[in-house]
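[1] Provided below are the primary sequence and the corresponding predicted coordinates.
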Amino acid sequence: MKALLLVAVLIGSACSRSGDGTSVDRTAPSGSVATAPVVTIGPDEAVPEVVVWEAPAIDVDEENTGELKELARVALEEGRLFGGEADAIPLYLALRQTAPEDAEIRQGLGDALDALVVSAGEALAAVEDDPSGLRQAQEVGSVVRVVAPEDPRVIAYLDQLQTVERAQEASLRGERALNQGDIGEVGDGGAIGWFRQSLELRPRNARASQGLAAAESALIRRAEKAAEDDDYNAAETWLDRAAEVRPDMGTVDRARGQINRVRLARIGSLRDQGIAALSAEGGVDVARGHLANLLRIAPEGNPAAVELRERIELASHYGLFRPGQVFTEGLRLGGRGPEMVVIPHGGFRMGASEDDAAATDAERPARSIRFDRGLAVAQHEVTVAEFRRFVTATGHTTRAARRGYSTVYDERSGNLVRRNGVDWRHDYTGRPAADQLPVIHVSAGDADAYAEWLADQTGHRYRLPSEAEFEYMLRAGNPGPYPWGEGSPPPGSGNYTGALDESPSGRHWRNAFQDYGDGAWGPAPAASFAPNGYGLFDIAGNVSEWVGDCWHGSYRRAPSSAKAWVNPGCRERVVRGGSWASSPEQTRSSWRLGSDANTTNARVGFRVVREI
């Protein structure tokens, strides 16, 4: 008897729809493994969706049954299970059609099924390391459906195969989404969602794990790109999302560290560029631009941002200096100029208050003055030695030297008297002056000439202070009637008229600060007493000082700025600050005096300021 065996197992309908909605023909020619159209995931990869196995048609009759049994036995021993008509399972299936009760055939088919189940397990295991092994696993699945569809082992395998197929499909969809840039960083969709779905089905799925790593890398790359564009907030956002992909891995931490190093280097570079710009003309605006970029990328409170902001603030108000800084500048002829201290910018109320009974109309009306920039001020009055260098270098002849006299203190009478032959080289009594004494017997014009010489020697603008500047530096933030506030001066604060002072012949002041003595009668060497709050010596005492303003009888119509109030060709200049011989009323912060610009005497000297 001859029988023709034709077993066909079709998965799904003969015509169904693929994942992308297109119709595909899932039939295959007899005796072959048919594959449906593929879904292309990468340039070199194609994965079958459905595998269908059909047993080949084998003629069986009484004459060839023995021969076919032998062929089936040999094929089984050699492990040839289902590839073609000479393999074990097709032969045993054909033989079983003609002799279903044959024990030898039944045993052979059972052994072939056992071998096929082992092969099926190996096929699924191969999928873990090589995704292309899914084809073999599906081929095995097609066969076991034909051989023993009711066998529990086959049912379990087919369930496992379905899980693998679903996991593999999720991985493929994840890769497709990743290639299209749909990482799925928000919510449960995109590549990350598909890869996680795959791993839920198969926790050891290497392909899905690699896909998650690739998604993590894509997010890190987005963070790096944002950092390249100086958008570090976006970079942090991408890194935070990347950290959620594989929380137990250190990849994001390493990327975060690298981006942070680049960020800090960028911040440092902007800080350095900003600081360097401050040394050039107009560099403050350039530095502010660098600061704006720095603040855009720096974390809140970043030290570099704080430093650059402070440096810009300082440069805006102090140029290349700092408040409280002490410096000297080289002179073209050699040596150094006077020691200068940088006083802070700020504002104050200039003039006498309404309740100051000792004030005159010349000290009112009080007005507010604001300084937008700091100022460098000589720490002490110009000394005899400093003025001598100027005279030697320039040949300048002072007003007192030209006219042959000045006003000195007369110990016998206790008065200031005119004496011939006295000029800048003499002290308050007309004797030769020590080098460290403040220079006196100089006119306003002599003081101006010295400042102009310093400017020429250093290349920077030196000048006399304005009235507003002098009162500001004299008060040093104290709004009281005296530079120190109220009452008598603090001990050691300056050379004032104290009731405890005594002249060489035993004279005492009739109008003096009670319970105060400084041990000096006449000017003391520069910087002999404590400095004030701005680091200035003798600003309130020792000698009064010329300033740059012309004299005006009050502050009415005075300019609102701190600049000197000057009328071209004015003959009267302003003297500010108390001296060693000034009454307490003349030591007040708001006291001012108009004097002929050519006046020289034993009570008036000067100091210079430098614009910064």
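    Yep, that arrived. Residues are numbered from 1 along each chain as shown.
[2] contact partners of stretch 222-240?
    Contacts to stretch 222-240, defined as C-beta atoms under 8 Å, 6 or more residues apart in numbering, come from residues 185, 219-220, 242, 252, 255-256, 259, 262-263, 266, 293, 296-297. Bear in mind the C-beta positions are built from the backbone N, C-alpha and C, glycine included.
[3] my bad, stretch 555-566
    Residues from elsewhere that reach stretch 555-566, judged by C-beta under 8 Å, 6+ apart: 350-351, 363-367, 369-371, 464, 466-469, 472, 547-550, 552.
[4] Please repeat the previous calculation with a cut-off of 10 Å.
    Here stretch 555-566 makes contact (C-beta atoms under 10 Å, 6 or more residues apart in numbering) with 347-348, 350-352, 361-373, 375, 463-472, 547-552, 573-574, 590, 592.
[5] Quick check: buried residues in it?
    Residues Y555, A558, A562, A564, W565 are the ones in stretch 555-566 that count as buried (16 or more other C-beta atoms under 10 Å).
[6] Closest one to W424 out of those, please.
    Distance from W424 was checked for each of those by C-beta to C-beta. The minimum falls on A564, at 23.4 Å.
[7] what's the spacing between stretch 385-396 and its chain's center?
    Computed by C-alpha atoms, centre = their mean, to the nearest Å, the separation of stretch 385-396 from the middle of its chain amounts to 51 Å.
[8] Also stretch 307-318?
    Relative to the mean C-alpha coordinate of its chain, stretch 307-318 is positioned 16 Å out (C-alpha atoms, centre = their mean).
[9] And for stretch 529-542?
    41 Å.
[10] So for it, mean pLDDT?
    Taken as a whole, stretch 529-542 carries a mean pLDDT of 98.
[11] okay, that stretch in CSV with CA atoms only?
    What follows is stretch 529-542 as a C-alpha-only set of coordinates in CSV (Å, rounded to 0.1, in the frame of the first residue of the first chain):
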residue,chain,number,x,y,z
PHE,A,529,49.0,109.5,65.0
ALA,A,530,46.4,106.8,64.3
PRO,A,531,44.8,106.7,60.9
ASN,A,532,41.1,107.3,60.4
GLY,A,533,38.6,104.7,59.1
TYR,A,534,39.9,105.1,55.6
GLY,A,535,43.5,104.6,56.5
LEU,A,536,44.4,108.3,56.2
PHE,A,537,46.8,110.1,58.6
ASP,A,538,46.4,113.6,59.9
ILE,A,539,43.3,114.3,57.8
ALA,A,540,41.6,116.1,60.7
GLY,A,541,44.6,117.8,62.3
ASN,A,542,48.3,118.5,62.1
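[12] For my notes, please list the contacts of stretch 222-240 in CSV and give secondary structure, distance to S582 and neighbour count for each entry.
    As requested, the contacts of stretch 222-240 are exported to CSV (DSSP: H, G, I helix; E, B strand; the rest coil; distance: C-beta to C-beta, whole Å; neighbours: other C-beta atoms under 10 Å):
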residue, secondary structure, distance to S582, neighbour count
E185, coil, 79, 20
L219, helix, 77, 25
I220, helix, 76, 24
A242, helix, 76, 25
V252, helix, 75, 23
A255, helix, 73, 23
R256, helix, 69, 19
I259, helix, 67, 21
V262, helix, 65, 15
R263, helix, 61, 19
R266, helix, 60, 19
N293, helix, 55, 16
R296, helix, 57, 12
I297, helix, 59, 20
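[13] now for those, which pair is the farthest apart?
    Between all members of the contacts of stretch 222-240, the farthest pair (by C-beta to C-beta) comes out as E185 and N293, at 27.6 Å.
[14] shouldn't A401 be in contact with V391?
    Yes. Taking C-beta atoms under 10 Å as the contact criterion, A401 and V391 are neighbours in contact, 9.1 Å apart.
[15] Between those two, which contacts overlap?
    By the contact definition C-beta under 10 Å, 6+ apart, A401 and V391 are jointly contacted by D423, W424, R425, D446.
[16] would JSON lines of those residues with neighbour count be doable?
    Converted to JSON lines, those look like this (neighbours: other C-beta atoms under 10 Å):
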{"residue": "D423", "neighbour count": "24"}
{"residue": "W424", "neighbour count": "26"}
{"residue": "R425", "neighbour count": "18"}
{"residue": "D446", "neighbour count": "27"}
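[17] and the two most separated of these?
    Put simply, by C-beta to C-beta the two of those set farthest apart are R425 and D446, 12.5 Å from each other.
[18] Just the pLDDT at V51, thanks.
    For V51, the model assigns a pLDDT of 57.
[19] Where does pLDDT dip in this structure?
    Where the chain drops to pLDDT under 70, the residues are 1-51, 131, 187.
[20] Next, name the residue at the spatial heart of it.
    In the chain, the C-alpha closest to the average C-alpha coordinate belongs to A298, at a distance of 3.3 Å (C-alpha atoms, centre = their mean).
[21] Now for that one: which residues touch it?
    Each residue near A298 by C-beta under 10 Å, 6+ apart is listed here: Y232, R263, L264, R266, I267, L270, R271, L291, A304, A305, V306, L308.
[22] Need the buried ones from those selected in ChimeraX.
    For selection in ChimeraX, the members of these meeting the burial criterion (16+ other C-beta under 10 Å) are listed in this command:
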select :232,263,266,267,270,271,291,304,305,308
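[23] Could I get the full set of helices for the stretch 401-550 of the chain?
    Counting by DSSP state H, counting those that start in this stretch, the stretch 401-550 of the chain has helices at residues 444-458, 467-475.
[24] Okay, buried residues for the helix or strand harbouring F390 please.
    Element membership for F390 (DSSP states H and E) is helix 384-394. Of the residues in helix 384-394, those with enough neighbours to count as buried (16+ other C-beta under 10 Å) are V384, E386, F387, R389, F390, V391, A393.
[25] Show me what counts as buried in stretch 197-211.
    Taking 16+ other C-beta under 10 Å as the basis for neighbour counts, the residues of stretch 197-211 that come out buried are Q197, S198, L199, L201, R202, N205, R207, A208, S209, G211.
[26] where does the first one land in three-state SS?
    I take that to be Q197. With DSSP: H, G, I helix; E, B strand; the rest coil as the basis, the three-state label of Q197 is helix.
[27] Leaving out the residues flanking it, which one is nearest to it?
    Spatial nearest neighbour of Q197, excluding adjacent residues (C-beta to C-beta, 6 or more residues apart in numbering): A170 at 4.4 Å.
[28] List the contacts of the one you found.
    Applying C-beta under 10 Å, 6+ apart, we find A170 in contact with 193-202, 205, 207-208, 211.
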